[in-house]
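Participant: Need coordinates for the following:
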Amino acid sequence: MIYDMGDAQNDTTAFGNNADIIETRILRRVDPIFYGVNRHAEPLTFSILFGSMTPLDRYAMEDIAMWLDSGHYKWLTVDEPSMEDRAYHCICTELTPVSHGWLTVAFRATFQCSTPYAHSQPWEYTYEISGSQDIIFNNEGSCREFLKPDLVLDGFSEISIVNEDDNNREFELVDIPRSCVVNVSNNNGIITTDAVDDYNLYEGFNMHFLRLKQGENLLHITGTGTLTIRGRFMYNVAA
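Facilitator: Sure thing, here's the model as predicted:
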């Protein structure tokens with residue numbers, strides 16, 4: 001249960017993430033030389049107050065603290081109707097007991113996320129490609145960052161994906177060994193397969209990993225095989 005108690009309460013988190021303007025101001029010029037905006041300089045942080053309907057003994061408190069102290073990023077979801085479709089990739093950085101009548105009934109937990117954004121629940125779409133096919137992929141996220149989903153390529157000997165809405169940027173991978181499944185992590189810049197030992201897939205790759213802008217992306221796909229796209233959308237919302 002999430003609630004407020006006395007002076008302990010949930011944080012009000014700013015809508016969206018902070019923008020750092022990258023620019024240079026020089027003599028004899030009124031307007032700056034503008035390079036862009038960095039919107040992911042700082043991760044999303046927030047606090048939640050959660051507790052129990054009955055007092056917590058020290059054993060229950062230790063169990064809760066141990067469960068939250070994972071030592072690595074974990075996916076956090078809040079089991080409330082208005083929030084259950086969002087997930088936060090975060091670490092608990094601070095945990096403070098909250099007492100009522102000398103009995104511990106709640107905790108105030110502070111979380112730091114790996115990104116400045118909330119995420120959707122995981123999704124996966126599969127397409128059977130034979131020769132060539134156009135698909136419209138809608139990046140439903142509400143931030144202006146590129147979405148870099150994972151790809152699974154099954155049965156392809158070569159594949160080309162041209163994103164018309166990203167200045168015709170092309171993801172191209174050729175000379176794929178037959179009957180192998182290729183996994184592409186566009187976010188991490190990694191291509192792997194477990195079917196062939198010591199085969200360098202990067203020799204047939206043009207080094208342009210797939211990325212999807214916010215909104216509609218018209219993808220021209222060429223090749224023959226099964227393409228799976230999976231990931232999570234990013235949302236520019238307060239916690």
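Participant: quick one: strands adjacent to the lowest-mean-pLDDT helix or strand in the chain?
Facilitator: Sorting the helices and strands of the chain by mean pLDDT, DSSP states H and E puts strand 33-38 at the bottom, at a mean of 81. Strand pairing for strand 33-38, determined by DSSP bridges: strand 20-24 (antiparallel).
Participant: quick one: average confidence on the partner strand?
Facilitator: Mean pLDDT, computed over strand 20-24, is 84.
Participant: Could you pull out the buried residues of stretch 61-74?
Facilitator: 64, 68 (16 or more other C-beta atoms under 10 Å). No exception for glycine: its C-beta is placed from N, CA and C like everyone else's.
Participant: and it, how far out from the chain's middle?
Facilitator: Its chain's C-alpha centre and that of stretch 61-74 lie 22 Å apart, by C-alpha atoms, centre = their mean, to the nearest Å.
Participant: Ends of it, what's the gap?
Facilitator: By C-alpha to C-alpha, to the nearest Å, the extent of stretch 61-74 from end to end equals 20 Å.
Participant: Below-threshold pLDDT in the protein: ranges please.
Facilitator: For the chain, the stretches with pLDDT under 70 are 1-18, 40, 196-197, 238-239.
Participant: Domain map for this structure?
Facilitator: By the assignment in automatic domain parsing, the chain contains the domains 20-116, 122-231.
Participant: what helix or strand does residue 62 sit in?
Facilitator: Element membership of residue 62, judged by DSSP states H and E, is helix 58-68.
Participant: Give the pairing partners of the helix or strand following that helix; include direction for each.
Facilitator: Downstream of helix 58-68, the first helix or strand assigned by DSSP H and E is strand 74-76. Note on strand 74-76: by DSSP bridges, its sheet partners are strand 86-100 (antiparallel).
Participant: deepest of the domains of the chain, which one?
Facilitator: domain 122-231 (a mean of 16; mean count of other C-beta atoms under 10 Å).
Participant: End to end on that one, go ahead and measure it.
Facilitator: Start-to-end, domain 122-231 (C-alpha to C-alpha) is 6 Å.
Participant: Then stretch 63-75?
Facilitator: 19 Å.
Participant: who's in contact with that stretch?
Facilitator: With C-beta atoms under 8 Å, 6 or more residues apart in numbering as the contact definition, stretch 63-75 has outside contacts at 56, 87-92, 95, 107, 109, 114.
Participant: If we ignore the residues flanking it in sequence, what's nearest residue 85?
Facilitator: Distances taken as C-beta to C-beta, 6 or more residues apart in numbering put residue 121 closest to residue 85, at 6.2 Å, once the chain neighbours are dropped.
Participant: start to end distance for stretch 187-198?
Facilitator: Counting by C-alpha to C-alpha, you get 23 Å between the two ends of stretch 187-198.
Participant: For that stretch, report the contacting residues that lie outside it.
Facilitator: Here stretch 187-198 makes contact (C-beta under 8 Å, 6+ apart) with 148-150, 173, 177, 179-185, 199, 201-202, 205, 209.
Participant: Among these, which lie within strands?
Facilitator: 150, 173, 181-185 (DSSP state E).
Participant: which among these gets closest to residue 158?
Facilitator: For those, the residue nearest residue 158 by C-beta to C-beta is residue 173; the value is 6.7 Å.
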